[in-house]
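In: Okay, here's the prediction I keep looking at, along with the sequence it came from:
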Amino acid sequence: MKNKPPVFDNLILHLHPRTIPKQTLKFTLTWGLGGMALVLVLLLSLTGILLMFVYEPISERAYESIMTLHETVLFGAFIRNIHHWSGNILVIVSFLHLLRVYFTGAFHSPRRFNWIIGLGLFFLVLVSNFTGYLLSWDQLSYWAITICTGMLDYIPGIGTDLRMMILGGNEVGAHTLSIFFTIHIVIMPISLFLFMPYHFWLVRKTGGVILPLLSNDKQGGDDGYVPTIPNLTTRELAMGLGLIAFVMVYATIFDAPLGVRANPGLSPNPTKAPWFFIGIQEMLIHFHPLLAAWVIPLLITLALIILPYLRYDSGSTGAWFCSRKGQRMGIVTAIISLLVTPLVIIYSSLFPFFPGWLPNIPTTISNGLIPFMVIIGVITGFYIIMKKRYEASNNEAIQTLFILILVAYVILTVICYYFRGPGMELGFFQ
Amino acid sequence: MLKHKKHLKQNEELQSTSESGSSRRNFLRKLWIGLGILALIEFVGVVFAFFKPRKPPVKEGNFGSLIEAGTVESFDPESVTAFIRGKFYLSRLKNGGFLAISRKCTHLGCTLPWDSEKKQFICPCHASAFDITGDVVNPPASRALDLYETYIENSVVKVNTEKVIKRTGFDVNQVVKS
């Protein structure tokens, strides 16, 4: 390319390495998910700033300012739609990115700490979505936030105080909007823009995108290195522009939902949490809140954090699902989880289960401690059986547990989102 | 040789002074660290105090104030009357006693409607149910509904919505007798 402004070379080749292993160009290695997440964050920032010119973060005016945006501001609805859909797609994309990194084994040393930073970023994404959810101040958001923060009450000791601090009072109100708005437009963006570069820098520092390890551990893979410009940059550009185009088309066709104005005197039936938390809500229907909303999510979070630091039989292989054996185990596990989880849910909804069998014991135990011990027992047993039957390495065995829990959570989400209606009754809805 | 010995002696002197000086240094170091920890605790305390939720200004007759519900006779036995601004229900039991019951479900905080046919508060969120005294009839709620301090003055029922009474279950002593 003649007469290209030198800044492109300087900036691009500052952020990227000059040459990259040819094998890392393969689309199905990363699916471009990390890059997509970055593009979405930038889209959200841009549309977010535009929205701030019109949105009024005051409980009496918030809903009305969004109506104003829709009705009188040029492209107002379009901007809001892009913002809303980008936010939701970002949760999905970051989650898929997490799965990709896990299943390609890209979390072992030396990438272990970057996994932690990535988890932190995912947490920031969820908080951004959660705080943003309240801002439209319609019935859906008001009550979703009410029940989600209601779960804080169940933390022993500090729970109620924590809830009152986050809400700024005893219930969702004007004070809550101020708090959530500040977190959403200042604290989250600053945190994201601090940790994202750190995350990207660590990717480069720890050797870039994961590659299948060769027997002689040769750097650069089989096919050697190719220049970043144009090989990587054209692909990044294509993915980025393609994603932006997709979001824009989606935002043109589908409107971001806006229900009726929030009414603290009337809870809608049913009242559902934001979709990314709805799996937890499904668990709440079956278990004591302490178990469903705290113990289980906390343990899963802890498990994700220590995941890279467990003792593994081998390091990164760069191969999807560790190996052929890992793939087979994974499929078997997914099918088992797919079949058993709905059955347990349906049984639990039709028949009394533990609290019914033990009515005289406080529900914290009959509907909390006991199901918890059963779950731990089942997971442990499954691990031992699968490891033995397949003579698996513990990489593969742990991976199989990951898949078991992952599929179960997806099923919980799907059931509560699509198959629960008024009174949280099971049926066909949505 | 003499110079060397002089150096050695100077070193020894330095060492001996630094030994007594190191205990002073240690003391000052510990003092700094102690004060630093104190400052940190104070800072955390100040942050929490800053973010402490404050009660919004309360209008007369609204939630957070003393509400005059009405005369004793104006409420039928076995009736439940909703007070929207006060955010509570006034239950009059069969024996004529009163209970001012919070409209918030104790499960996760949804607002409860009163079903006069089933004679229950049934939560639209997860189907918890409570009876006319606010006691739990159906899970997933595990705690009876909160009460507000109620008393009768000159045959007028008064509810202090500033004072919440939390309870696990219904007890006859909670009823305000008319």
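Out: Right, received. Where do you want to start? Residues are numbered from 1 along each chain as shown, chains lettered A, B, ... in the order given.
In: contact partners of stretch A:367-385?
Out: For stretch A:367-385, contacts defined as Cβ atoms under 8 Å, 6 or more residues apart in numbering or on different chains pick out A:286-288, A:290-291, A:295-296, A:333, A:354-355, A:358, A:397-398, A:400-401, A:404-405, B:139. Where C-beta positions appear, they are placed from N, C-alpha and C, glycine not excepted.
In: So which bits of it are buried?
Out: Neighbour counts over stretch A:367-385 (16 or more other Cβ atoms under 10 Å in any protein chain shown) mark A:367, A:368, A:369, A:370, A:371, A:372, A:375, A:382, A:383 as buried.
In: nearest to chain B, of those residues?
Out: Closest to chain B out of those is residue A:367 (7.9 Å), distances taken as Cβ to the nearest Cβ.
In: Which pLDDT does the model give the closest one?
Out: Per-residue pLDDT puts residue A:367 at 82.
In: how about the buried residues of stretch A:367-385 in a markdown table, adding secondary structure?
Out: Formatted as a markdown table, these follow (DSSP: H, G, I helix; E, B strand; the rest coil):
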| residue | secondary structure |
| --- | --- |
| A:367 | helix |
| A:368 | helix |
| A:369 | helix |
| A:370 | helix |
| A:371 | helix |
| A:372 | helix |
| A:375 | helix |
| A:382 | helix |
| A:383 | helix |
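In: and residue A:230, how many neighbours?
Out: 11 (other Cβ atoms under 10 Å in any protein chain shown).
In: actually residue A:267, sorry about that
Out: Residue A:267 has 25 neighbouring residues, counting by other Cβ under 10 Å.
In: Name the nearest residue to it, ignoring sequence neighbours.
Out: Nearest-residue entry for residue A:267: residue B:110, 3.8 Å, with adjacent residues in sequence omitted and distances by Cβ to Cβ, 6 or more residues apart in numbering or on different chains.
In: That neighbour contacts residue A:145, correct?
Out: No. Shown here, residue B:110 and residue A:145 do not form a contact pair, counting by Cβ atoms under 8 Å, at 11.8 Å.
In: Pull out the buried residues from the contacts of stretch A:367-385.
Out: By neighbour count, with 16+ other Cβ under 10 Å, those hold A:286-288, A:290-291, A:295-296, A:333, A:354-355, A:397-398, A:400-401, A:404-405, B:139 as buried.
In: hmm, back to that, return the subset of the contacts of stretch A:367-385 lying in strands.
Out: Nothing among the contacts of stretch A:367-385 maps onto strands, per DSSP state E.
In: Among these, name the ones in helices.
Out: Under the assignment DSSP state H, the contacts of stretch A:367-385 contribute A:286, A:296, A:333, A:354, A:355, A:397, A:398, A:400, A:401, A:404, A:405 to helices.
In: Closest to chain B out of the residues you listed?
Out: residue A:355 (7.0 Å).
In: Do you know the pLDDT at the closest one?
Out: Here, the pLDDT recorded for residue A:355 equals 68.
In: Kindly report the same for the one 4 residues further on.
Out: Among the per-residue scores, residue A:359 shows a pLDDT of 72.
In: what do you get for residue A:210?
Out: So residue A:210 comes in at 86 (pLDDT).
In: what distance separates stretch A:233-240 from the middle of the whole chain?
Out: 24 Å (Cα atoms, centre = their mean, to the nearest Å).
In: Revised request: answer the last question for stretch B:58-75.
Out: Counting by Cα atoms, centre = their mean, stretch B:58-75 comes out at 23 Å from the chain centroid.
In: which non-adjacent residue is nearest residue 167?
Out: Answering for chain A, as no chain was given. The shortest distance from residue A:167 to any non-neighbouring residue, by Cβ to Cβ, 6+ apart, is to residue A:176 (4.8 Å).
In: right idea, wrong chain: chain B
Out: residue B:144 (5.5 Å).
In: residues in contact with residue 58?
Out: All of this refers to chain A. A:174, A:177.
In: sorry, should have said chain B
Out: Per Cβ under 8 Å, 6+ apart, neighbours of residue B:58: B:64, B:65, B:162.
In: Just the buried subset of these, please.
Out: residue B:64.
In: what's the spacing between the residue nearest to residue A:167 and residue B:91?
Out: Distance from residue A:176 to residue B:91, counting by Cβ to Cβ, to the nearest Å: 30 Å.
In: Okay, now the unreliable bits of chain B?
Out: B:1-21 (pLDDT under 70).
In: who in it is up against chain A?
Out: B:48, B:51-56, B:84, B:87, B:103-105, B:107-113, B:123-127, B:139-140, B:142 (Cβ under 8 Å from any Cβ of the partner chain).
In: my guess is residue A:428 meets residue A:415, correct?
Out: No. Contact criterion Cβ under 8 Å: residue A:428 and residue A:415 do not qualify, at 11.2 Å.
In: neighbour count winner among the two?
Out: Taking neighbours as other Cβ under 10 Å, residue A:428 and residue A:415 compare with residue A:415 leading, 20 against 7.
In: would you say the more buried one is within a strand?
Out: No. Counting by three-state DSSP, residue A:415 falls outside a strand, being helix.
In: just the strands in chain B please.
Out: Secondary structure of chain B (DSSP E): strands at B:66-71, B:79-83, B:88-92, B:98-102, B:114-115, B:120-122, B:129-130, B:136-138, B:147-153, B:156-165.
In: Now render those as JSON lines, adding distance to residue A:40.
Out: Shown next, in JSON lines, are the strands of chain B (distance: least, Cβ to Cβ, whole Å):
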{"stretch": "strand B:66-71", "distance to residue A:40": "49"}
{"stretch": "strand B:79-83", "distance to residue A:40": "45"}
{"stretch": "strand B:88-92", "distance to residue A:40": "45"}
{"stretch": "strand B:98-102", "distance to residue A:40": "42"}
{"stretch": "strand B:114-115", "distance to residue A:40": "45"}
{"stretch": "strand B:120-122", "distance to residue A:40": "41"}
{"stretch": "strand B:129-130", "distance to residue A:40": "43"}
{"stretch": "strand B:136-138", "distance to residue A:40": "43"}
{"stretch": "strand B:147-153", "distance to residue A:40": "47"}
{"stretch": "strand B:156-165", "distance to residue A:40": "44"}
